[in-house]
Each structure stands twice: as C-alpha cells, then as structure tokens.
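A.B. asks: Need a 3D model of the following:
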Amino acid sequence: MAGLFSSLNVGDAQYAVSVTDKTQAETMQLCTPTCSTNGTHSDGYTGAFEGPEKLLEMWFASTDSAAMICADSGAELCGDDDQDQWSELRSGLRLVPRAVWRDMLELVHCQVLSTLCNERLDSYLLRQVSESSFFVYPHKLVLKTCGTTTLLYAIPRILEIARRYLGVTGVYQVFYSRKNFMFPDQQEELHRSWEKEVAYLDAHFPEGSAYMIGKTNRDHWHVYLCGPYQEATTPLLCALDDDSTANNSVEVSPQVCALSRSSSRSTVHSLIEAARVGTPSSPPPSDTTVEILMTGLDPHRMRAMYLGGASVLEGSLGGKAVERATGIADIYPDSASDSYLFTPCGFSLNGLQGDGYYTIHVTPEPHCSYASFETTVSCDSALDLNSSAGVKKLVEQVTAVFGPRSVTVTVFKARGDTAPANPSGLPCTGGADDGGKAKAALLADVDTAPPVFASVAGYKSVDRVLYEFDHYWLRYAYYAKAD
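C.D. replies: Numbering: from 1, shown residues only. Presented below is the predicted three-dimensional model:
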C-alpha cells in the first residue's frame, strides 16, 4: 500500500499523519483482527448514542496465583484459536477458550474486533452497538460497554464459566458502576433505572451494597460493591501427566493450583515443590483504579475522532493515527496499545503495561459527546496513581486531549486490610535487616486514603467526596470548565 497522508488541526498545532506499509506491519504485530467492523453506528442507530459505560468487574480469587484450573476432560483449552507467544504463561481465566468468551459476549451484544496480550493479561477490543473493552486476568475479568448493551445479562454465564474452568462455586468480589445515563429511556429494560439494576444484582449477590455518589440533580456516579469474601476456590488434586515422576498424591493449595494442560512439566513440578515447602506468596499487586469521565467535548479536537480527520482509514491504522495526532500516544509511551477508528466516527483503545491496563472510548458527536479514560497501570513512575501529583498530571494530560466541559474523576484504592498481615513472609522489623524498616513503613501506609485531588488547570472543583468502605477507599471529584 502506498503511503497515505492527512493533516489535522488540534488546538493551535497542526499534525501531519502519515500511514505507511511499515505502520501497517507494526499494527498487525500488535493486535490480531478477528472480525469485520461496522463502527458504533450499527443498524437501528437513532442519532443519540449513549457514551457512558456500564463497568463490571468480577474477581474469583484475591490474586492471579490464587486462581486455579479445574480443566475437566471435555474442556478444549488453548486450541488453535488460542495459541500465541503467551500460551505457556496462561493460567486461570486466561485459559478459557476465546470461543467461550465470544459466546458470552454475544449476550451483551458485543463482538471481538481484536486482541492484545502480554505475559499478565489479555485484552479484547469490542464492537457492535458500542465501543467496548474486555480484560481477562487469571483471577478476574473486567467488562466495559457503552451504548445499549445488556451487560448484566452476562453475569449468569460468567459464573457458569468460572465454575467449569476454575472450579469455583461463587465470587471473591464484584464491582458494577456507571455514570448517570444521557438517554436512559433508550436502554434495554434491565438498564433503564439504577433500581432495576440493583435488584438484578441483589438477586445474584444478596450481600451486595449500592451507592449513588455526587449530586442527584447533576452528573453523578452509581456503584455496586459485593465482597470480598473468603477465597471462593476449593483445593483440588493437581495431577500431572501419566509419565510424570512427581508424587500425584500431593494436594496443593489454591494459591499454587494454577495449572492446565498447557503448563510445562517443569512449571508443574516447581509449583508442587513450592507447596511442599510452604514457599510464601508474593505481595499482592497494586489495586488502584483511576477513571476519568468527560462530557461536552471540544468539537475542534473531536475532528480527529471522525473518519477523514486524523486518518482516512477505518480500523487499526486509523486508530494509530488518532493516537499520534491527539497526544494519546504520549500518555503511556512505553505501553502496547490496540486502537480503532470507526466509521463514520468513534474511537476505542486498549493499552497494556506490566500487569495494568488502560482503556479509552470516545463518542464525538456534539449533541452527545462523551469520552472515558480508565487506568490501573501502577508501574509508570511519571503517573503514580497513589500520589496527588500523579493523578493531577494524568487528568491534565487526558483533558488536554478532549477539552471537555465537565469531568468526573474517581480513584478506587484497596485498603490495607485486604492484604495479608505480612505479605512477603519476611521479617518486617528488627535486627540488621535494613529492608525490614522499609517493609514496615510500606505496610503502615497501605491503608492510606487516595490523595486529595489537586486543582486541574482550566477547571474549577465543583464536588468532592471521600468514601471509606470496609475494604476500599473511593475518592470522587467533579470538575467544570472554568469560564
């Protein structure tokens, strides 16, 4: 393909976007297309698209190492459709065949556009009646959909999948959240009111709790929490291949029973040996999520989100052009990203960095403009999610891309009592162990609330709320563009 060229004015700068054969080759290495596209405007589009997403997060164990595989004889794990460079590293929910996930996503009215994976998690960029994303870890999954998707109808199927492939009979914890809808009457019956959604969730999770955060007569945010409970997993006997010399009578704990038919024999042996000697588990990973929800986007900046703005190419090539032209690519420059420019407009992105993800969805039409940015990336020193300066920098970078009139920011952070008293298994104080004091200081700080939100350039603070739940902190803020 000959190089294609287009230009875009964003703010006071003009960006020249060049798409070449090399760009196409790089894009194909990053993500694997799995279906055709028709953008956000599918059959039945009314001209009023619901940008605010429904977000469901379901955990089946406290950490990825606590996830385990039942792998019954009828399961088709890691078939041809599932093979990639990370196949040998997969465990837990990551071993569920992609065909099974696609079947579940049909219940939500979503289909897979492409996948992006690394050694820690898998991501799926979705489409149908919405711009959507799906993330799968060994122990949890995150499903985020906008438009008129029927997200909650996926819960029974997800529970069934977890029973079959993880051997669990319940959940460890559940989160469901969404901003107030712009067009609630256009939703399917279940999602037309928060009360109906809560009733449905309560039917599956009787001990859950529902909250509304923010002003009832302005933009606000709904959240539903359930758990955490004790580990939902139950110990299983992890058998090796018939020709293995390992002692198959060893019953290992859920923390090391993350095994599958694709696991190498050396990996299996090392895990079982760790169970015998009681090797301490590693510290739990950071559990902080920042979400930035924006409405009233700058129409000039949103030209990039239309086909013919940053690029004349629909799909992944157009998505890469949007990333470069708008400054999205500069937010996490060290990450791998999978993005998509829809016809006639709309943009989605999934990004992976370490054990974290970030995702962006954009509805650019002026009468219903909306954009969301969500991140769990904790390994980026420039954007520390647990510092006021890091969150401030992130919010300012994101708002500079979209120029919204109003901004909602939420920070969810796990409290210290969700972590083991001594997660490293090593001494925390005393003697000549210089690292002990550092560990003690770290453990003393794990129950610190998310930092107070700093001022955001160009915006005034309208609303601020801090919630102290049993196991999580939640800081909420609402900003309006300064006159």
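A.B. asks: Quick one: name whatever helix or strand follows the longest helix along the chain.
C.D. replies: Longest among the helix segments of the chain by residue count, using DSSP state H, is helix 388-402. Sequence order places strand 406-414 as the next helix or strand after helix 388-402, per DSSP states H and E.
A.B. asks: Mind checking the pLDDT average for that next one?
C.D. replies: Throughout strand 406-414, pLDDT has a mean value of 94.
A.B. asks: What pairs with that strand, parallel or antiparallel?
C.D. replies: Strand 406-414 has its sheet partners listed here by DSSP bridges as strand 288-295 (antiparallel), strand 472-481 (antiparallel).
A.B. asks: circling back to that earlier point, contacts for the longest helix of the chain?
C.D. replies: The contact list for helix 388-402 (Cβ atoms under 8 Å, 6 or more residues apart in numbering) reads 290, 292, 294, 297-298, 301-302, 326-328, 330-331, 362, 371, 373, 375, 382-385, 407, 409, 411, 450-459. Just so you know, the C-beta spots here come from the backbone N, C-alpha and C atoms, and that holds for glycine as well.
A.B. asks: What are the buried residues along that helix?
C.D. replies: By 16 or more other Cβ atoms under 10 Å, the buried positions in helix 388-402 come out as 390-395, 397-402.
A.B. asks: what is the mean pLDDT for that helix?
C.D. replies: The average pLDDT for helix 388-402 rounds to 96.
A.B. asks: CA atoms of that helix as PDB?
C.D. replies: Extracted in PDB, the C-alpha atoms of helix 388-402 (Å, rounded to 0.1, in the frame of the first residue of the first chain):
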ATOM      1  CA  SER A 388      -1.700  13.700  44.100                       C
ATOM      2  CA  ALA A 389       0.800  15.000  41.600                       C
ATOM      3  CA  GLY A 390       0.500  11.800  39.500                       C
ATOM      4  CA  VAL A 391      -3.300  11.900  39.400                       C
ATOM      5  CA  LYS A 392      -3.200  15.700  38.600                       C
ATOM      6  CA  LYS A 393      -0.800  15.100  35.700                       C
ATOM      7  CA  LEU A 394      -2.900  12.300  34.300                       C
ATOM      8  CA  VAL A 395      -6.100  14.300  34.500                       C
ATOM      9  CA  GLU A 396      -4.500  17.300  32.800                       C
ATOM     10  CA  GLN A 397      -3.000  15.200  30.000                       C
ATOM     11  CA  VAL A 398      -6.300  13.500  29.400                       C
ATOM     12  CA  THR A 399      -8.400  16.700  29.500                       C
ATOM     13  CA  ALA A 400      -5.900  18.300  27.100                       C
ATOM     14  CA  VAL A 401      -6.800  15.700  24.500                       C
ATOM     15  CA  PHE A 402     -10.500  16.100  24.700                       C
END
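A.B. asks: what angle sits between that helix and strand 406-414?
C.D. replies: 140 degrees (axes from the mean of the first three to the mean of the last three Cα atoms, to 10 degrees).
A.B. asks: Could you say which of the strands paired with strand 406-414 is packed most deeply?
C.D. replies: Among those, judged by mean count of other Cβ atoms under 10 Å, the one packed with the most neighbours on average is strand 288-295 (a mean of 23).
A.B. asks: Following the chain onward from that strand, which element is next?
C.D. replies: Helices and strands here follow DSSP H and E; after strand 288-295, the next one along the chain is helix 316-326.
A.B. asks: so where's this structure shaky on pLDDT?
C.D. replies: 1-52, 68-79, 128-130, 148, 181-184, 187, 231-285, 417-446 (pLDDT under 70).
A.B. asks: in it, which spans are helices?
C.D. replies: In the chain, the helices defined using DSSP H lie at 21-30, 98-108, 155-166, 194-204, 265-277, 316-326, 388-402, 434-445.
A.B. asks: how near is residue 172 to residue 471?
C.D. replies: 11 Å (Cβ to Cβ, to the nearest Å).
A.B. asks: which one of those two has more residues nearby?
C.D. replies: residue 172 (23 against 14; other Cβ atoms under 10 Å).
A.B. asks: how much space between the more buried one and residue 469?
C.D. replies: From residue 172 to residue 469 the distance is 16 Å (Cβ to Cβ).
A.B. asks: So what's the residue count around the nearest residue to residue 350 once chain neighbours are set aside?
C.D. replies: Using Cβ to Cβ, 6 or more residues apart in numbering and skipping the chain neighbours, the partner closest in space to residue 350 is residue 123 (4.2 Å). Look at residue 123: counted by other Cβ under 10 Å, it has 26 neighbours.
A.B. asks: what about the closest residue to residue 150 other than its chain neighbours, neighbour count?
C.D. replies: Spatial nearest neighbour of residue 150, chain neighbours left out: residue 188 (5.0 Å); criterion: Cβ to Cβ, 6+ apart. Residue 188 has 13 neighbours, counted by other Cβ under 10 Å.
A.B. asks: rewinding a little: would you mind listing which of the contacts of helix 388-402 are buried?
C.D. replies: 290, 292, 294, 297-298, 301-302, 326-328, 331, 362, 371, 373, 375, 383-385, 407, 409, 411, 450-451, 453-454, 456, 459.
A.B. asks: ok, now which ones touch residue 289?
C.D. replies: Contacts of residue 289 (Cβ under 8 Å, 6+ apart): 374-376, 385, 410-413.
A.B. asks: Stretch 378-392 spans what distance, first to last residue?
C.D. replies: In stretch 378-392, first residue to last residue: 15 Å (Cα to Cα, to the nearest Å).
A.B. asks: meant to ask about stretch 145-164
C.D. replies: 25 Å.
A.B. asks: Same question for stretch 298-316.
C.D. replies: 24 Å.
A.B. asks: in that stretch, what's buried?
C.D. replies: 298, 301-307, 309-316.
A.B. asks: Could you do stretch 162-178 as well?
C.D. replies: Result for stretch 162-178 [16+ other Cβ under 10 Å]: buried residues 162, 164-168, 171-178.
A.B. asks: Quick check: the farthest pair among these?
C.D. replies: With Cβ to Cβ as the measure, no two of the buried residues of stretch 162-178 lie farther apart than 167 and 178, at 31.1 Å.
A.B. asks: returning to what we had before: using a markdown table, lay out the buried residues of helix 388-402 together with distance to residue 347.
C.D. replies: Below are the buried residues of helix 388-402 laid out as a markdown table (distance: Cβ to Cβ, whole Å):
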| residue | distance to residue 347 |
| --- | --- |
| 390 | 25 |
| 391 | 23 |
| 392 | 25 |
| 393 | 22 |
| 394 | 19 |
| 395 | 19 |
| 397 | 16 |
| 398 | 14 |
| 399 | 16 |
| 400 | 16 |
| 401 | 11 |
| 402 | 11 |
